[in-house]
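Novice: predicted coordinates and the sequence they were generated for:
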Amino acid sequence: MVTFEEIRKQIEEYEPQSYLLTWNPKVFQWEDFKDCTDEIRRSGQVSISWSVCTKKIQKNDNIFLMKLGCGDDNGIIGYGKALGSIDDCVYNLGINKKPWFIDVSLSFLNEQPFISQAALKREFPRQCWSPQSSGTRVYDNYTNRLAQLFQTQISLLGPSVGVLEEMAVLR
């Protein structure tokens, strides 16, 4: 039997993972996208729920939001942290499958990508940057470099907080 102390130690030793959530505007209309970006401008973050294909996402895991289906506008458009683990949802998409949802606190969100999909494919060729569903884990050996690239893009923007009107996209 696992002791409380062993469980506590496992939790303390947990290294956050990085996951890709995907959004294709041609498939899903994000009705309150502008409200989300406005909230980040006001408070520095916004909480959203997103459907995923995995139950492995844990609290404080890194979340990168990928925009897909838009050609040159494909790429990472957001970053945040998982607020908890996956909750089973009693919501049915009409395909006899129950989706899982993750609550995420986004601290960056922009309609145009911070890092283009083309740059991601060049820099990280083994990672799938066009996943068909949300919740793909970023390879461990890519996580630090991806975070550095994202941070570099953000630091180029100066004092802007979270949402950017215009920026130089890493292409």
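Specialist: Yep, that arrived. Residues are numbered from 1 along each chain as shown.
Novice: now the longest strand belonging to the chain - C-alpha only, PDB.
Specialist: Ranked by number of residues, the top strand in the chain under DSSP state E is strand 100-109. Below are the C-alpha coordinates for strand 100-109, written out as PDB (Å, rounded to 0.1, in the frame of the first residue of the first chain):
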ATOM      1  CA  TRP A 100     -12.200  15.500 -21.400                       C
ATOM      2  CA  PHE A 101     -11.700  19.100 -20.500                       C
ATOM      3  CA  ILE A 102      -8.800  21.000 -18.900                       C
ATOM      4  CA  ASP A 103      -9.000  24.300 -17.200                       C
ATOM      5  CA  VAL A 104      -6.100  26.600 -18.300                       C
ATOM      6  CA  SER A 105      -5.000  30.000 -17.100                       C
ATOM      7  CA  LEU A 106      -3.700  31.800 -20.200                       C
ATOM      8  CA  SER A 107      -1.300  34.700 -19.700                       C
ATOM      9  CA  PHE A 108      -0.600  35.300 -23.300                       C
ATOM     10  CA  LEU A 109      -3.000  35.200 -26.200                       C
END
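Novice: what's across from the most centrally placed residue in the chain in the sheet?
Specialist: Centroid-nearest residue in the chain, with CA atoms, centre = their mean: residue 64, separated by 2.6 Å. Beta-bridge partners of residue 64, counted by DSSP bridges, are residue 20, residue 79.
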